[in-house]
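Novice: Following is a predicted model, sequence given first.
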Amino acid sequence: MSKIALITGANRGIGFALSQVYAKQGYEVIAVCRSSSEELEALADQVISGIDVTDDNAIATLHSILAATLGDRKIDVVMNNAGLFLNETLDDLNFESISTQFEVNAIAPLKVIHAVQEYLTAGSKIGNITSRMGSIEDNSSGAYYGYRASKAALNAISKSLAIDLKTKGISVAVLHPGFVQTRMVGFNGDISPDQAAQGLYDRMEALSIETTGGFWHSNGQALPW
């Protein structure tokens, strides 16, 4: 029986590339997204669309669909990939956008894990896609208040998840994909989504309960908190 990978934000960019990598490796892919596409429908084993991961009703719908389709099967990998990148400067602050980034980047991944936790078992792995911009030590240029703070919050949440789930044999990786050529950054990146996805997959394959809670670049470099 195939292993199962659930990927959020799966319809484009890194999420779609992750879906491709996991499908190529023989995983059954459950693609979670707000809107689907012909390419995603052709690729994934199951597409659960219409899911805004910040919306409690949508998260409840996700749980219900999984309950109806998984039966007693378990999820082997969860990739919390859905994210939002905006910029604020001290001279041009938008507190609504800061709040929205917290909802999408930090709180939503926790909502997803809470919703799917009954389908995780010993050996299951969680990958939370963060950014090195969430590293406090690595911040040398300032600004990006909402994005930096929300990703730092995700890092803290991920560390707590790693501690709380360790006794159940469930491991957690905090992963920076790199500066990736996606719509989120106007396609101005250093690496392609395919390259990032392969690196993320490799980090998840290497993840173990002994290394749970680490913060890594997709190239394997350990990152400062």
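Specialist: Yes, it's here. As the structure is a prediction and not an experimental result, all values here were calculated from the model.

Novice: shouldn't Gln181 be in contact with Pro193?
Specialist: Yes: taking Cβ atoms under 8 Å as the definition, Gln181 is a contact partner of Pro193 at 6.7 Å. The way it works is simple: take the backbone N, C-alpha and C, and place the C-beta from them, glycine included.

Novice: quick one, which of the two is more surrounded?
Specialist: Pro193 (23 against 20; other Cβ atoms under 10 Å).

Novice: which residue packs closest to that one, ignoring adjacent ones?
Specialist: Distances taken as Cβ to Cβ, 6 or more residues apart in numbering put Ala17 closest to Pro193, at 3.9 Å, once the chain neighbours are dropped.

Novice: How about the secondary structure of that neighbour?
Specialist: helix (DSSP: H, G, I helix; E, B strand; the rest coil).

Novice: So it versus Ile48, what's the distance?
Specialist: From Ala17 across to Ile48, the span is 19 Å (Cβ to Cβ, to the nearest Å).

Novice: try Phe179
Specialist: With Cβ to Cβ as the criterion, Phe179 and Ile48 are 29 Å apart.

Novice: Looking at the two, which is more packed in?
Specialist: Ile48 (20 against 14).

Novice: So the more buried one sits against Val29, correct?
Specialist: No: using Cβ under 8 Å, Ile48 is not in contact with Val29; the gap is 11.0 Å.

Novice: what residue is smack in the middle of the protein?
Specialist: The centre of the chain sits closest to Asn80, judged by Cα atoms, centre = their mean, with a distance of 2.1 Å.

Novice: Select the longest helix from the protein.
Specialist: In the chain, assigned by DSSP state H, the helix with the most residues is helix 145-166.

Novice: so how far is the helix or strand that that helix is followed by off the chain centroid?
Specialist: The helix or strand immediately downstream of helix 145-166 is strand 171-176, counting by DSSP states H and E. Distance, stretch centre to chain centre, for strand 171-176: 9 Å (Cα atoms, centre = their mean, to the nearest Å).

Novice: angle of strand 171-176 against helix 145-166?
Specialist: 160 degrees (axes from the mean of the first three to the mean of the last three Cα atoms, to 10 degrees).

Novice: Can you list the strands that strand 171-176 pairs with?
Specialist: strand 125-129 (parallel), strand 214-217 (parallel) (DSSP bridges).

Novice: what about the ones you listed, which gets the closest to Gly9?
Specialist: Gly9 lies closest to strand 125-129 among the strands paired with strand 171-176, at 8.3 Å (Cβ to Cβ).

Novice: what residues does that closest one touch?
Specialist: Outside of strand 125-129, the residues within contact range by Cβ atoms under 8 Å, 6 or more residues apart in numbering are 14, 76-81, 83, 109, 113, 120, 154, 157-158, 161, 165, 170-177, 200, 203-204, 207.
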